[in-house]
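Asks: just to be clear, the model below is a prediction. Sequence and coordinates:
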Amino acid sequence: MRDLIVRVIARFIIPFIQVYGLYIVLYGHVSPGGGFAGGTVMASSLILYVMAFGARSEKRRLPEWVARSIESAGAVFFVAIGLVSLFQGTTFLANQAAGFPMGIPGRVFSAGAIFLLTFGIGMKVFSTMITLFTHLIEEEEKEGTG
Amino acid sequence: MKLVFGALSLIAIGILLLIVVQEMPTFGSPDSPVHNEVPTRYLEHSVEETGALNAVTAIITDYRAFDTLGEVTVLLTAIAAMVAILRC
């Protein structure tokens, strides 16, 4: 598994995958994509890292408490955006009626709450994928079959 | 006996499902019930109402944002259950 070619190529390609995932998340309201797809792409870069360098090396780069914090922060962020609209006097998770700045359609910073909600979903999906994968692969390494 | 009962109930369910499929509109037919005013409303007004050019994102994070909150909760519950099982 610890192949030299895989490691060198992974080191080159991981930053590009992460930038692409971030692009899909941030442009979710302009072009095809969104939080679920972009978060999965970003997590796939770290899965590639685990495959190339091992789970222990990944643990040092992204400690477990960071992944867990991103996990909870994504969900709390989503609910907090919804509560903002509630405190504005409209319904839960309302967008335009709650006074979020709409901007010009087609720009990156537009569409008010949609931009923020997509970002929260992206955080959530990213940490879910990576936590699932590292936990399961750790269990396999502990059993000595991996 | 168990096998016969299983086969008979499977055949009964299969016949029931085939009858239901007979009643469904053909694929892509214009008078299918899904072609009502809801998708028209989304396609024509989503840009001015939500500011998002991507209609799918406009639906899942604006019109159906509460449903997406449920999906996020599903992910959180799945991770919590997995950590609870593997971390003991």
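Replies: Received the coordinates, thanks.

Asks: buried stuff in stretch A:62-73?
Replies: Buried residues in stretch A:62-73, counting neighbours by 16 or more other CB atoms under 10 Å in any protein chain shown, are found at A:62, A:67, A:70-71. Yep, even glycine has a C-beta here, placed from its N, CA and C like the rest.

Asks: save those residues as JSON lines, and put in distance to chain B and pLDDT too.
Replies: What follows is these, written out as JSON lines (distance: CB to the nearest CB, whole Å; pLDDT from 0 to 100):
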{"residue": "A:L62", "distance to chain B": "15", "pLDDT": "78"}
{"residue": "A:A67", "distance to chain B": "10", "pLDDT": "82"}
{"residue": "A:I70", "distance to chain B": "11", "pLDDT": "87"}
{"residue": "A:E71", "distance to chain B": "6", "pLDDT": "85"}
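
Asks: please export the C-alpha coordinates of stretch B:68-88 as CSV.
Replies: As requested, the backbone C-alpha atoms of stretch B:68-88 are provided in CSV (Å, rounded to 0.1, in the frame of the first residue of the first chain):
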residue,chain,number,x,y,z
THR,B,68,-32.2,19.7,4.6
LEU,B,69,-32.0,20.3,8.3
GLY,B,70,-33.4,16.8,8.7
GLU,B,71,-30.7,15.5,6.4
VAL,B,72,-28.0,17.2,8.5
THR,B,73,-29.5,15.7,11.6
VAL,B,74,-29.4,12.2,10.0
LEU,B,75,-25.7,12.7,9.4
LEU,B,76,-25.1,13.8,12.9
THR,B,77,-27.0,10.9,14.3
ALA,B,78,-25.2,8.4,12.1
ILE,B,79,-21.8,9.7,13.3
ALA,B,80,-22.9,9.8,16.9
ALA,B,81,-24.1,6.2,16.7
MET,B,82,-20.9,5.0,15.0
VAL,B,83,-18.6,6.8,17.5
ALA,B,84,-20.7,5.4,20.4
ILE,B,85,-20.2,1.8,19.1
LEU,B,86,-16.6,2.0,18.1
ARG,B,87,-15.3,4.0,21.0
CYS,B,88,-16.3,1.9,23.9
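
Asks: how about residues contacting that stretch?
Replies: Under the contact criterion CB atoms under 8 Å, 6 or more residues apart in numbering or on different chains, stretch B:68-88 has outside partners A:71-72, A:74-75, A:78-79, A:82, A:93, A:117, A:120-121, A:124-125, A:127-128, A:131-132, A:135-136, A:138-139, B:60-61.

Asks: again, 10 Å this time
Replies: Around stretch B:68-88, the neighbours that count as contacts under CB atoms under 10 Å, 6 or more residues apart in numbering or on different chains are A:34-36, A:39, A:64, A:67-68, A:71-72, A:74-79, A:81-82, A:92-93, A:117-118, A:120-121, A:124-125, A:127-129, A:131-132, A:135-136, A:138-139, A:142, B:59-62, B:64.

Asks: now these: which count as buried?
Replies: Restricting the contacts of stretch B:68-88 to buried positions leaves A:34-36, A:39, A:67, A:71, A:74-75, A:77-78, A:81-82, A:93, A:117-118, A:120-121, A:124-125, A:127-129, A:131-132, A:135, A:138, B:59-62, with burial counted as 16+ other CB under 10 Å.

Asks: out of the residues you listed, list just those in helices.
Replies: Judged by DSSP state H, helices contain the following of the buried ones among the contacts of stretch B:68-88: A:35-36, A:39, A:67, A:71, A:74-75, A:77-78, A:81-82, A:117-118, A:120-121, A:124-125, A:127-129, A:131-132, A:135, A:138.
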